[in-house]
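> Task: produce atomic coordinates for the following.
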Amino acid sequence: MANSVTPAVRSAADWSWRLLVIGGAVGVGLWLLTVLKVVVVPVAIATLFTIALRPVVEALTRRLHLPRLLAVGVTVFGLVALLGALVVAAGSSVAGGIVSLWTEAKAGFVTALTWLAEGPLHISTAQLDGYLTQLQTGLSGMSSQLLTGAVHATTTVGHVGAGTLIAIFCLIFFLLDGRSVWTWVVGLFPVAARDQVHQAGRRGWLTLEAYTRTQVLVAAVDAIGIGLGAAILGVPLALPLGVLVFLGSFVPIVGALVTGAVAVLVALVSHGLAAAVWMLVIVLAVQQLEGHVLQPFLMGHAVSLHPVAVLLAVASGSLVAGIVGALFAVPIAALTNTVVLYLHGHDKFPHLGTDDRLDHRREPQTGPAGPEAAA
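Numbers count the residues shown, from 1 in each chain. So this is what the prediction gives:
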């Protein structure tokens, strides 16, 4: 009977059950991430902020000779104050411009109705009234759905508040004593694998550093370009649009496209077709700069991922976990690529060497945060 199974079938069977086991493990991992997303997402956000803020902490400790605890406190407080100032500034801008924008939107709606009645379609007033009545009926029927959505929104606000506290707490300890945290994580692995895990983690950390700094630069260029263009055109809500573009640019490809469309829509509602066309030209120019200069040279060098891989990663992440998945898809793909290549003998950072080793037989030494300390 053994000879009746060809080598090709036997090899296919071997591959099949292994792929099924790997797929099952990945599925269980994704399910756990979904269940624990209120904890996992804040920790991931804290990790990215740690990468961005670590140079600030190092500068405060080395140049100003501040104690590390004080340097971490000043850095985190400065971050919270900056984010709060942006929220207040954007909120006041929205409050100041939303009234005029709503007035112009109503005027545009009336103009559209007039064009439908008097234009080439020749839709009668009775037909327009019938369409508006159907719209009102449909909106009234959605009241229960809106109530359910409000309940979900309340729950989401609670999750966001809890996640924010977790992220700030983790950020403080990652900046204060990240190497001890990393030592503990490495200690969870078998002794024989700890050094390899540590070396792979060092390289993965450098990849995340390159991604974070490059993405911040790309997002800042997008936000300044589109926000400044909106301000020059006199489009209301220019500051909130700039903040929205900055945040949206952290989702590669899709984020800049969606936020740019929002800017064009606001220009259309507030200043008409000509302003919308100019806003579209500005958005396309900024995105051409990003797509043909910043992304290929900076992001491609930082994460070593082909644009097709970036697009597929964003699409897969959004399908699995929505906006959060799209946000973290590229850094996870870049980190995985670097770690897998290192474990297979292809070191992207050969200059690091293997001199830095963690001694798990003693208490871990405190030092710069994260596995990048030895880089």
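> buried stuff in the helix or strand in which G322 is found?
For G322, the host element (DSSP states H and E) is helix 307-343. Within helix 307-343, the residues that qualify as buried are 310-311, 313-314, 317-318, 321, 324-331, 333-335, 337-339, 342, counting by 16 or more other Cβ atoms under 10 Å. Backbone N, C-alpha and C define where each C-beta goes, glycine included.
> Now do V76 against T47, distance only.
V76 sits at a distance of 14 Å from T47 (criterion: Cβ to Cβ, to the nearest Å).
> So the residue nearest to I323 when sequence neighbours are not counted, which state does it fall into?
In this structure, I323 finds its nearest non-sequential neighbour in V251, 7.2 Å apart by Cβ to Cβ, 6 or more residues apart in numbering. With DSSP: H, G, I helix; E, B strand; the rest coil as the basis, the three-state label of V251 is coil.
> Let me see the confidence value for V251.
As predicted, V251 sits at a pLDDT of 74.
> In terms of secondary structure, what does the helix holding G322 contact?
helix 7-35, helix 37-62, helix 191-233, helix 254-271, helix 300-303 (3 or more Cβ pairs under 8 Å, 6 or more residues apart in numbering; DSSP states H and E).
> which one of those helices lies closest to F174?
helix 37-62 (4.2 Å; Cβ to Cβ).
> From V186, how far off is the residue nearest to D222 when sequence neighbours are not counted?
Of all residues not flanking D222 in the chain, S249 sits nearest, at 4.5 Å (Cβ to Cβ, 6+ apart). Going from S249 to V186 by Cβ to Cβ gives 34 Å.
> what's the answer for E58, then?
22 Å.
> Just want to know which of those two has more residues nearby.
V186 (19 against 15; other Cβ atoms under 10 Å).
> What count of nearby residues applies to the residue lying closest to A230 once chain neighbours are set aside?
Using Cβ to Cβ, 6+ apart and skipping residues adjacent in sequence, the residue nearest A230 is A238, 4.1 Å away. A238 has 21 neighbouring residues, counting by other Cβ under 10 Å.
> close enough to count as contact, A238 and G227?
Yes: judged on Cβ atoms under 8 Å, A238 makes contact with G227 at a distance of 5.6 Å.
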